[in-house]
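1. Sequence and predicted structure, then a few things I'm wondering about:
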Amino acid sequence: MRIVADLDLCQGHAVCAAEAPEVFTVPNRGKVEVLDTEPAPAARTAVTDAVRYCPTQALSIIDGDQHRPTTLSRKDNHHG
Ligand code: SF4
C-alpha cells in the first residue's frame, strides 16, 4: 500500500490528520504532508478512512504491483 497526495487538490482541511495522525500531518493553513508513504498494514483502516473522508479527494491508495512507475525506462527510450 502506498499513499499518494495530490497537493493541487488538498485544501488543508486536516480530516486526514484526524483520521490517521501517524500517517498525515497538516500544518496550520498548509497542505497535507504524508509522514509515511508506505504505512504498515495495521494502519490500513485509518488510512482508508482518511482517503474516504478527505473532502477534496486529494488522497489515494495504490496497492500491490500498481506502484510501478509509469515512466519509460531510460535504457529503451532512444529512438534511432
Ligand atoms: S483531508 Fe484532504 S484536503 Fe484535508 S488536509 Fe487531508 S488531503 Fe488535504
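-> Nice, thanks for sending it over.
2. How about the residues of this protein by the ligand?
-> Contact residues (Cβ under 6 Å from any ligand atom) of the chain with the ligand: 5, 10-16, 24, 26, 32, 54-56, 58-59. All C-beta atoms are positioned from the backbone trio N, CA, C, and that covers glycine.
3. Report the lowest-confidence entry in those.
-> Ranked by pLDDT, these bottom out at His13 (92).
4. hang on, it packs against Pro55?
-> Yes: His13 is in contact with Pro55 according to Cβ atoms under 8 Å; the separation is 5.4 Å.
5. more crowded one of these two?
-> Neighbour count, other Cβ atoms under 10 Å: between His13 and Pro55, His13 has more, with 15 against 11.
6. Outside of stretch 28-37 itself, list whatever touches it.
-> 2-5, 7, 10-12, 14, 16-17, 22-27, 43, 58-59 (Cβ atoms under 8 Å, 6 or more residues apart in numbering).
7. Just the ones of those residues in helices?
-> In this view, the contacts of stretch 28-37 that belong to helices under DSSP state H are Cys16, Ala17.
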